[in-house]
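1. the sequence and its predicted three-dimensional model are supplied below.
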Amino acid sequence: MKRYYLTPTASAKRPTGARLHVILIAMLLLVNSSYGQLISLKTIPVATGDQFLLFPSQNLGMGGISISLNDSLLDHWINPAKGSQINISQVSSSPVYYRIGNGYGDARSMPFALLWTQTDWFGGLSMALQAMNSANSQTPWSTDIRTLSGNMSENRYFSGFLGKRFANTSFGISAYQAKLSALDGVDLLYSDSEKIKQSGQIKDVRIGLSREGPGGARQELLLLRNELDMTHKVTYQFWGWERFDERIETNLDHTITLGLHAGFTAPISTSGWQYGGIFTVNTKTHPKIPNYEIMNIPRDPGNTLAFNLGGGLSKRDGLNSFGIDFIYEPITSNTWAEADTHMVNAEQELIRPGDKTIENDFEFSNWVLRTGLGWQNQNKGFQLGMQMRNIHYWLDQRDYIAVTDRKQEEYWVEWTTTWGLTLEYTDFTIRYSGRTTMGTGRPGVDTQWLWFSAREGVSASGDFIIAPSDALTLQEARVITHQLSISLPIGN
């Protein structure tokens, strides 16, 4: 198996705080607001698949462009106020299948949705069932033979929104809940375990506003609260006195996100060109981060401040369309561990219960570029697109017990290629979208003294805000996703 080292040259320079503030101010002046709402955190290139791809999208095959090009199938599920653009009631189903290479897992989802509109009111309901297969065990003594219940997990998703139109302004509120027995990617972070049992939920509440201006211009505003609360019961096997023994660890994963999102689109001319901008801010509190094998810090809570700033340009000429999104994500995060007993550090100083034993400062400078095009002829359509996501961060770790300071820099690029086909008829519409992602897989750390190779393979949607114990390595795996969407109008 090939191993890819992700640490760049040490000569790369970290952006200074003053320079970062200048960039933020400049982009705030240029960009009015936002389409991205939940900003994901990844300090490791773990392959997570498309677990939360549950709703149909008009632009998925075009790289998922969204800033300056409306998505009539997806927008109202993200900002409930955009349900004002629903012009006919309909039912739809959009089953999804994805697979992560090298036996790292797969899942099948079956969502159903109902949209309705009547006079000034509009709304929607959605539910989905999902069957997920976990990654094959990588322990030296594993036979990769598991019981059906031990290998497959069931997840359930429920979502709904309700809104009202007021002249050229609309208001909406939505609620979403996911009852989870597995979160994709987690099993790749405990590669030395014999089995993992997950349980928990995600809750999401949103309040949105949308306004239509002259000439087709639009503005939006969104407030949200998202909470992830998961429990991981991890079973390890080890050789005891003449037999295998088991050890069970219980890890908690808890993150609360508060978000503000704003966005706009405006026409450039009557030729079909338009531009848009986004601004998003997320504040995240991490009461508990799991003790993954790839990290060297137990019991660490933390806080995160994340921004998403970007602009987009698109053109819709008849039934043909083109778009491009450019997004910058500056993120700062601080995690730490606290002493639970009295201890003495390397300089014979006392550390009391509740004092920090280790502290991590992360500084991210991420970029996202999306582009895509679509072609339509009568009742047939074709889409093609690509997304590039560059993740780059610096870690400054202070160990108050050993009285040491360690710095680490990591970056990687995730490439996603997308495509889509559409068949439109009088009574129904069929859409197929596919995409493949490269640049993620099963990460590990470059710790040469470990005596068995399985440890190299250790290590949201949850966040994965993990301080690696050493330079990262990667056993790369390709993620392939297929979505088939069928919608039928039920009104005139």
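-> Now that the structure is in, tell me what you want to look at. Numbering: from 1, shown residues only.
2. doesn't residue 50 belong to a strand?
-> No: the assignment for residue 50, made by DSSP: H, G, I helix; E, B strand; the rest coil, is coil rather than a strand.
3. low-scoring stretches of the protein, by residue?
-> Along the chain, the model assigns pLDDT under 70 to residues 1-36, 136-151, 239-244, 293-300, 441-474, 491-492.
4. can you check which strand is longest in it?
-> strand 244-267 (DSSP state E).
5. would you mark the buried spots in it?
-> 251, 253-255, 257, 259-266 (16 or more other Cβ atoms under 10 Å). Every C-beta, even on glycine, is put in place using the N, C-alpha and C of the backbone.
6. for residue 169, which non-adjacent residue is spatially closest?
-> Once flanking residues are discounted, residue 169 sits nearest to residue 211: 4.7 Å by Cβ to Cβ, 6 or more residues apart in numbering.
7. give me the sheet partners of the helix or strand encompassing that neighbour and which way each runs.
-> Using DSSP states H and E, residue 211 maps to strand 195-212. Looking at strand 195-212 with DSSP bridges, its partner strands are strand 169-180 (antiparallel), strand 218-239 (antiparallel).
8. buried stuff in it?
-> For strand 195-212, a neighbour-count test (16+ other Cβ under 10 Å) marks 195-196, 198, 200, 202, 204, 206-212 as buried.
9. for the buried residues of strand 244-267, give me CSV that also has distance to residue 414.
-> Listed next are the buried residues of strand 244-267 as CSV, based on distance: Cβ to Cβ, whole Å:
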residue, distance to residue 414
251, 26
253, 22
254, 26
255, 21
257, 21
259, 22
260, 26
261, 23
262, 26
263, 24
264, 28
265, 26
266, 31
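10. closest to residue 277 out of the residues you listed?
-> Nearest to residue 277 among these is residue 264, at 5.8 Å by Cβ to Cβ.
11. wait, the closest one sits on residue 216?
-> No: when contacts are counted by Cβ atoms under 8 Å, residue 264 is not listed as touching residue 216 (11.6 Å).
12. tally up the residues packed near residue 130, please.
-> Look at residue 130: counted by other Cβ atoms under 10 Å, it has 23 neighbours.
13. for residue 180, see how far away it is.
-> Counting by Cβ to Cβ, to the nearest Å, the gap from residue 130 to residue 180 is 9 Å.
14. what do you get for residue 97?
-> Residue 97 is 19 Å from residue 180, by Cβ to Cβ.
15. quick one: which of the two has more around it?
-> Between residue 97 and residue 180, counting by other Cβ under 10 Å, residue 180 is the more crowded of the two (24 against 15).
16. could I get the buried residue list for the helix or strand that contains residue 98?
-> Using DSSP H and E, residue 98 maps to strand 96-100. With burial defined by 16+ other Cβ under 10 Å, the residues of strand 96-100 counted as buried are 96, 98, 99, 100.
17. same deal with stretch 338-350?
-> Buried residues in stretch 338-350, defined by neighbour count with 16+ other Cβ under 10 Å: 338, 339.
18. dump the C-alpha coordinates for that stretch into PDB.
-> Provided in PDB are the C-alpha atoms of stretch 338-350 (Å, rounded to 0.1, in the frame of the first residue of the first chain):
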ATOM      1  CA  GLU A 338      -7.100  19.500  31.800                       C
ATOM      2  CA  ALA A 339      -5.500  17.800  34.700                       C
ATOM      3  CA  ASP A 340      -7.900  15.600  36.800                       C
ATOM      4  CA  THR A 341      -5.300  15.100  39.600                       C
ATOM      5  CA  HIS A 342      -2.400  16.900  41.100                       C
ATOM      6  CA  MET A 343       0.800  16.400  39.100                       C
ATOM      7  CA  VAL A 344       4.300  18.000  38.800                       C
ATOM      8  CA  ASN A 345       5.800  19.100  35.500                       C
ATOM      9  CA  ALA A 346       9.300  18.700  34.200                       C
ATOM     10  CA  GLU A 347      10.400  21.900  36.100                       C
ATOM     11  CA  GLN A 348       9.000  20.600  39.400                       C
ATOM     12  CA  GLU A 349       6.000  23.000  39.300                       C
ATOM     13  CA  LEU A 350       2.700  22.000  40.600                       C
END
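19. distance from that stretch to the middle of the chain?
-> Distance, stretch centre to chain centre, for stretch 338-350: 38 Å (Cα atoms, centre = their mean, to the nearest Å).
20. what does it rub up against?
-> Outside stretch 338-350, the residues that touch it by Cβ atoms under 8 Å, 6 or more residues apart in numbering are 299, 301, 351-357, 400-403.
21. hmm, try it at 10 Å
-> With contacts defined as Cβ atoms under 10 Å, 6 or more residues apart in numbering, stretch 338-350 is touched by 298-301, 351-358, 399-404.
22. okay, and the common contacts of residue 130 and residue 180?
-> With Cβ under 10 Å, 6+ apart as the test, residue 130 and residue 180 both reach 51, 153, 154, 155, 156, 157.
23. from the residues you listed, which ones fall inside helices?
-> The helices in this structure, assigned by DSSP state H, contain none of the shared contacts of residue 130 and residue 180.
24. tell me which helix or strand residue 384 sits in.
-> strand 380-399.
25. which helices and strands sit right next to that strand?
-> Packing partners of strand 380-399 (3 or more Cβ pairs under 10 Å, 6 or more residues apart in numbering; DSSP states H and E): strand 320-338, strand 356-377, strand 404-424, strand 429-445.
26. cutoff 7 Å now
-> Helices and strands touching strand 380-399, by 3 or more Cβ pairs under 7 Å, 6 or more residues apart in numbering; DSSP states H and E, are strand 356-377, strand 404-424.
27. mind listing what's buried along the first one?
-> This means strand 356-377. In strand 356-377, counting by 16+ other Cβ under 10 Å, buried: 357-366, 368, 370-374.
28. partners of that strand in the sheet?
-> Strand 356-377 pairs in its sheet with strand 320-338 (antiparallel), strand 380-399 (antiparallel), by DSSP bridges.
29. the last one too?
-> On the basis of DSSP bridges, the sheet neighbours of strand 404-424 come out as strand 380-399 (antiparallel), strand 429-445 (antiparallel).
30. pull the CA atoms of it into CSV?
-> Output in CSV follows, covering the C-alpha atoms of strand 404-424 (Å, rounded to 0.1, in the frame of the first residue of the first chain):
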residue,chain,number,x,y,z
THR,A,404,7.9,21.7,25.5
ASP,A,405,6.5,23.5,22.4
ARG,A,406,5.9,21.7,19.1
LYS,A,407,4.9,23.2,15.8
GLN,A,408,3.4,21.3,12.8
GLU,A,409,2.2,22.3,9.4
GLU,A,410,-0.1,20.2,7.2
TYR,A,411,-1.9,20.6,3.9
TRP,A,412,-3.6,18.5,1.3
VAL,A,413,-6.0,18.9,-1.7
GLU,A,414,-9.3,17.2,-2.3
TRP,A,415,-10.5,16.9,-5.9
THR,A,416,-14.1,16.2,-6.8
THR,A,417,-15.3,15.6,-10.4
THR,A,418,-19.0,15.7,-11.0
TRP,A,419,-21.4,14.9,-13.9
GLY,A,420,-25.2,14.7,-14.4
LEU,A,421,-28.0,13.8,-16.8
THR,A,422,-31.6,15.1,-16.9
LEU,A,423,-34.7,13.8,-18.6
GLU,A,424,-37.8,16.0,-18.4
